[in-house]
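Q: need coordinates for the below:
(one chain, ligands or ions: 1)
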Amino acid sequence: MVAQWAYKFRFYPTPTQKRQLAIEFGHARFVWNWALETRTKAYQEHSKSLNYSGLSRKLTALKQTECPWLGEATASCPTQKLRDQDTAFKHFFAGRAKYPRFKKRHQTQSVRYQLDQRHVEKNFNAESQRLKLPKLGALKLKWSRRMTGIPKMVTVSKDPAGRYFVSLVCEIEILPLPTRKNVIGVDVGVKDVVITSEGYKSGAPKYTYQYARQLKQAQRRLSKKRKGSYRRRRQQQRVARIHARIADSRRDFLHQQSSKLINENPVICLEDLNIKGMLRNRHLSKAVADCGLFELRRQMEYKAAWYGREVLIVDRWAPTSKACSECGTIHESMPLKVREWVCPDCTTRHDRDINAAINVLRLGTVGSAGTDKARGAVKTPRAVA
Ligand SMILES: [Zn+2]
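A: Here you go, the predicted model:
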């Protein structure tokens, strides 16, 4: 399967590169906002819709008359912005996105470069770690992972925390992983993000808690700074940096977990998260969203498609926590605080989450939680201290 694979690396621009990038970002933003305004006006006043080629012609005219300074930027960058806006409008008309918005100075800034494929070796070489861009020269990248493939596009961005990144998109052939026999059931949760029917527990990194105090303090300081002041800007960046750190570590953790599951198991049964959220209280539904469990599922699904694996979503309304995975007895209630219990019928000692994962596996493969023997019998289990 051929997939678009994006490599993202951080880089550290020199002061000269920073200045040039500020120009590139500024001009790209100007072109985006100008095009958006022109488009909106043309539609409101003349009910005329402008597309990429119309705008491109207008832009060339603008460069020659009112805004000759647009020539300071790399020619391909504004063009790419127009293309991006075209895509944004396509998504809008298809009902997939909101109406495109104006870009502001303190949001993430980005410009896209097209790499000339005829002379690509001159400007890009992963082996000797070289990346050269027009008007910027060689970039000092942190090549944090090995790259395969030749990128066609390079996106340079700066996030609100003031960090610079390049994203290189390559088309690469992905080979299916060797097939193995096992099928696994996965229960997801808040205390442990991933629990498998084989007894693996991932734990849950509590980034938000770890950084909560830092964040609170930084936000309090921000609220005391005068609007429009330089100190307020600087404090805004500090807050953005903490948010970025939380998001980065959460994403890393989820990628580790989803890759591990997909590498080790050809078929994965996963409980439908919407049902999980509904089954339990509102407080927990929020936590489910907070931990990025939906993101975990998204990652598992696309990785499964890449590597020829299968993710079965178990969307049946079934008591995965309340049923004994050994004898199938369904118990009356299972408060969240009960982590371990003993089934009164078969005296099996259960770990709450692993038991649920085994039930998910059963539902995915057989179609019922536990065995059918004792279905319908409602019992109260004993909690184990
Ligand atoms: Zn039992």
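Q: skipping adjacent residues, who's closest to whatever residue of the stretch 51-200 of the chain ends up closest to the ion in space?
A: Per Cβ to the ion, Ser197 is where the stretch 51-200 of the chain lies closest to the ion, at 16.0 Å. Bear in mind the C-beta positions are built from the backbone N, C-alpha and C, glycine included. Nearest non-adjacent residue to Ser197, counting by Cβ to Cβ, 6 or more residues apart in numbering: Gly185, 3.7 Å away.
Q: just give me the neighbour total for that neighbour.
A: Using other Cβ atoms under 10 Å, Gly185 has 29 neighbouring residues.
Q: same question, Thr196
A: Count around Thr196 with other Cβ under 10 Å applied: 25.
Q: look up how far Glu37 lies from it.
A: Using Cβ to Cβ, to the nearest Å, Thr196 is found at 53 Å from Glu37.
Q: how about Arg226?
A: Distance, Arg226 to Glu37, using Cβ to Cβ: 31 Å.
Q: more neighbours: which of the two?
A: Using other Cβ under 10 Å, the more surrounded residue of Arg226 and Glu37 is Glu37, with 11 against 8.
Q: for that one, give me the pLDDT.
A: With respect to pLDDT, Glu37 scores 95.
Q: likewise Gln299?
A: 93.
Q: could you do Ala377 as well?
A: On the pLDDT scale, Ala377 gets 48.
Q: which residues touch the residue nearest to Ser197?
A: Residues near Gly185 by Cβ atoms under 8 Å, 6 or more residues apart in numbering: 196-197, 268-269, 357-364.
Q: let's verify the nearest residue to Glu301 once chain neighbours are set aside: helix, strand, or coil?
A: In this structure, Glu301 finds its nearest non-sequential neighbour in Val311, 5.4 Å apart by Cβ to Cβ, 6+ apart. With DSSP: H, G, I helix; E, B strand; the rest coil as the basis, Val311 sits in strand.
Q: what is the burial count for the nearest residue to Ile262 once chain neighbours are set aside?
A: What sits nearest to Ile262 in space, not counting adjacent residues and going by Cβ to Cβ, 6+ apart, is Lys303, at 4.5 Å. The tally of other residues near Lys303 (other Cβ under 10 Å) stands at 19.
Q: now do Arg213
A: Close neighbours of Arg213, defined as other Cβ under 10 Å, add up to 9.
Q: flag every buried residue along the helix or strand where Glu301 lies.
A: Element membership for Glu301, per DSSP states H and E: helix 293-307. For helix 293-307, the neighbour count (16 or more other Cβ atoms under 10 Å) marks 293, 296-297, 299-301, 303-304, 306-307 as buried.
Q: from the residues you listed, pick the one nearest the ion.
A: Lowest distance from the ion to those (Cβ to the ion) belongs to Leu293, with 28.0 Å.
Q: are we agreed that Cys170 is in a strand?
A: Yes: membership of Cys170 in a strand is supported by three-state DSSP.
Q: helices along the protein, start to end?
A: In the chain, helices defined by DSSP state H lie at 15-46, 52-64, 76-93, 120-123, 207-224, 230-264, 273-279, 282-290, 293-307, 352-365, listed in chain order.
Q: give the buried residues for the shortest one.
A: Of all the residues in helix 120-123, those buried under the rule 16+ other Cβ under 10 Å are Asn123.
Q: same for that helix, what does it pack against?
A: Counting contacts by 3 or more Cβ pairs under 8 Å, 6 or more residues apart in numbering; DSSP states H and E, helix 120-123 is packed against strand 130-133.
Q: in CSV, list the C-alpha atoms belonging to the strand it packs on.
A: Backbone C-alpha positions of strand 130-133 (Å, rounded to 0.1, in the frame of the first residue of the first chain) are rendered in CSV as follows:
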residue,chain,number,x,y,z
ARG,A,130,21.0,18.2,4.1
LEU,A,131,18.0,20.4,3.4
LYS,A,132,18.3,23.7,1.5
LEU,A,133,15.4,26.0,0.8
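Q: can you start the count at 54 instead of 1 from here on
A: Fine by me, first position is 54 from now on; the one you just mentioned is strand 183-186.
Q: can you check what pLDDT the model gives Thr118?
A: 89.
Q: one more: Ala422?
A: As predicted, Ala422 sits at a pLDDT of 52.
Q: what is the least confident helix or strand in this structure?
A: Sorting the helices and strands of the chain by mean pLDDT, DSSP states H and E puts strand 431-432 at the bottom, at a mean of 56.
Q: how about the nearest residue to Pro229, chain neighbours excluded?
A: Pro229 sits nearest to Gly361 (Cβ to Cβ, 6+ apart), 3.2 Å away.
Q: how many other residues sit next to the one you found?
A: Neighbourhood size, Gly361 [other Cβ under 10 Å]: 15.
Q: for it, phi and psi?
A: Backbone torsions for Gly361, taken as degrees, to the nearest 10, come to phi 70, psi 40.
Q: verify the contact between it and Val320 for me.
A: No: the criterion here is Cβ atoms under 8 Å, and Gly361 misses it with Val320 at 11.0 Å.
Q: measure the closest residue in space to Gln289 that isn't next to it in sequence to Arg285 for me?
A: Nearest residue to Gln289 in three dimensions, chain neighbours excluded: Leu275, at 6.4 Å (Cβ to Cβ, 6+ apart). With distances taken as Cβ to Cβ, Leu275 is found 7 Å from Arg285.
Q: go on, Arg392?
A: 46 Å.
Q: those two: which is more packed in?
A: Shown here are Arg392 and Arg285; by other Cβ under 10 Å, Arg285 has more neighbours (16 against 12).
Q: follow-up on the earlier one: out of the contacts of Gly238, who's nearest Gln170?
A: Ranked by distance to Gln170 (Cβ to Cβ), these are led by Ile321 at 38.7 Å.
Q: and the nearest residue to the closest one once chain neighbours are set aside, what is it in contact with?
A: For Ile321, ignoring the flanking residues on the chain, the nearest one in space by Cβ to Cβ, 6+ apart is Val364 at 5.1 Å. By Cβ under 8 Å, 6+ apart, the contact set of Val364 is 321, 323, 350, 353-354, 357.
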